[in-house]
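S.K.: Sequence plus predicted model, see below.
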Amino acid sequence: MKYWIRDEENTPQGFPLQVLIELIMQQLGSTICQLWILRSQGYGLRINEWNRLLDRHERIPIDVRLLQEVSLGEEEWFYDLDAEILSEGLRVRFGLHDSTALYIDAPQEFSELILKAFESVDPQPDLVQRLTPERAENLVRGLG
């Protein structure tokens, strides 16, 4: 399930991305995992290097410690980050969306353990939940 995290911090990045990454890694513990970056946009040499690599590759492997260092949001910072951790049958997708919110997309039980550390959290609404009865009727009739 995907959750949006709107907590902010006083850095150029504006969001506690490093905290999110650290909490995810704490929950994974000593399990072996692979971290992939699927999107990297922002300010800084490493972030822009990753962005250039992603022009040629769908995803790139990154060391977790390196991502934690870059994610401080002070010397380099992300506008957009889409990352994925695969570990023993668990898939955790997380990042920063367009400088508007952090997110985590993982099994609900795993996500809830992470989200306890944040104050402003919203689940991504399901399309069905966003439709009012009137809007649903109009869509069925083709009236948009």
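M.R.: Perfect, thanks for sending it. Numbers count the residues shown, from 1 in each chain.

S.K.: Only C-alpha atoms from now on, for both contacts and neighbour counts.
M.R.: Noted.

S.K.: was I right about residue 85 contacting residue 95?
M.R.: No - with contact defined as Cα atoms under 8 Å, residue 85 does not reach residue 95; the gap is 11.1 Å.

S.K.: So the two - more neighbours on which side?
M.R.: It is residue 95, of residue 85 and residue 95, that has more neighbours when counted by other Cα atoms under 10 Å, with 26 against 20.

S.K.: Need the three-state assignment for that one.
M.R.: Following DSSP: H, G, I helix; E, B strand; the rest coil, residue 95 is assigned to strand.

S.K.: now the helix or strand containing residue 55: how far from the chain's centre is it?
M.R.: Using DSSP states H and E, residue 55 sits within helix 45-56. In terms of Cα atoms, centre = their mean, to the nearest Å, the centre of helix 45-56 is set 18 Å apart from its chain centre.

S.K.: Which positions in that helix come out as buried?
M.R.: Judged by neighbour count using 16 or more other Cα atoms under 10 Å, the buried positions of helix 45-56 are 46-48, 50-51, 54.

S.K.: Put together TSV for those, with pLDDT and distance to residue 21 on each row.
M.R.: As requested, the buried residues of helix 45-56 are arranged in TSV below (pLDDT from 0 to 100; distance: Cα to Cα, whole Å):
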residue	pLDDT	distance to residue 21
46	96	17
47	96	16
48	96	20
50	97	18
51	97	19
54	97	21
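
S.K.: Can you say which two of those are spatially most distant?
M.R.: Taking Cα to Cα as the measure, those span a maximum distance of 12.2 Å, between 46 and 54.

S.K.: Show the average pLDDT along stretch 81-99.
M.R.: The average pLDDT for stretch 81-99 rounds to 94.

S.K.: in that stretch, what's buried?
M.R.: For stretch 81-99, the neighbour count (16+ other Cα under 10 Å) marks 81-85, 92-97 as buried.

S.K.: again with stretch 57-74
M.R.: Judged by neighbour count using 16+ other Cα under 10 Å, the buried positions of stretch 57-74 are 59-60, 64, 67-68, 70-73.
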